[in-house]
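[1] this one's sequence-less:
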């Protein structure tokens, strides 16, 4: 599975309503929603998904009537995975 970020305008629809709608479409299958981040200043929701490809996500959003502005592949970078580089960065600064 690949990891994607989908950028959505914050809809007027209730978050629970959207979640139930997506759950009915997915029925426990791929793709898998991981988490979302909300930026209230810009009015966007940034959602992390695991999916086989971008087309799979586009179909889910179109079938469920959930608007999106863009979808792009992402890779996770966290401090534990890059400990050695992080320690060098801290020592240099």
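    Received the coordinates, thanks. All values derive from a computational prediction rather than experimental measurement.

[2] Show the residue spans covered by the helices in this protein.
    Assigned by DSSP state H, the chain shows helices spanning 15-26, 54-64, 83-92.

[3] want to try a markdown table for the ones you listed, with mean neighbour count and distance to residue 32 as columns?
    C-betas here are computed from N, CA, C, even on glycine. Shown next, in a markdown table, are those (neighbours: other Cβ atoms under 10 Å; distance: least, Cβ to Cβ, whole Å):
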| stretch | mean neighbour count | distance to residue 32 |
| --- | --- | --- |
| helix 15-26 | 12 | 8 |
| helix 54-64 | 15 | 11 |
| helix 83-92 | 10 | 28 |
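
[4] Tell me how far stretch 52-60 lies from the chain's centre.
    Centroid separation for stretch 52-60 versus its chain: 12 Å, with Cα atoms, centre = their mean, to the nearest Å.

[5] contact partners of that stretch?
    For stretch 52-60, contacts defined as Cβ atoms under 8 Å, 6 or more residues apart in numbering pick out 1-2, 4, 6, 22, 25-26, 30-31, 49, 51, 66, 68, 71-73.

[6] just checking, residue 75 touches residue 4?
    No: counting by Cβ atoms under 8 Å, residue 4 is not a contact partner of residue 75; they are 10.6 Å apart.

[7] Mind checking which of those two has more residues around it?
    Using other Cβ atoms under 10 Å as the criterion, residue 75 and residue 4 rank with residue 4 on top: 20 against 6.

[8] tell me the contacts of the more buried one?
    Contacts of residue 4 by Cβ under 8 Å, 6+ apart are 48-51, 54, 57, 71-74.

[9] Let's have those in JSON lines, adding distance to residue 10 and pLDDT.
    JSON lines is the format used below for the contacts of residue 4 (distance: Cβ to Cβ, whole Å; pLDDT from 0 to 100):
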{"residue": "48", "distance to residue 10": "17", "pLDDT": "94"}
{"residue": "49", "distance to residue 10": "17", "pLDDT": "94"}
{"residue": "50", "distance to residue 10": "23", "pLDDT": "94"}
{"residue": "51", "distance to residue 10": "22", "pLDDT": "94"}
{"residue": "54", "distance to residue 10": "22", "pLDDT": "96"}
{"residue": "57", "distance to residue 10": "18", "pLDDT": "93"}
{"residue": "71", "distance to residue 10": "17", "pLDDT": "98"}
{"residue": "72", "distance to residue 10": "19", "pLDDT": "97"}
{"residue": "73", "distance to residue 10": "23", "pLDDT": "97"}
{"residue": "74", "distance to residue 10": "20", "pLDDT": "96"}
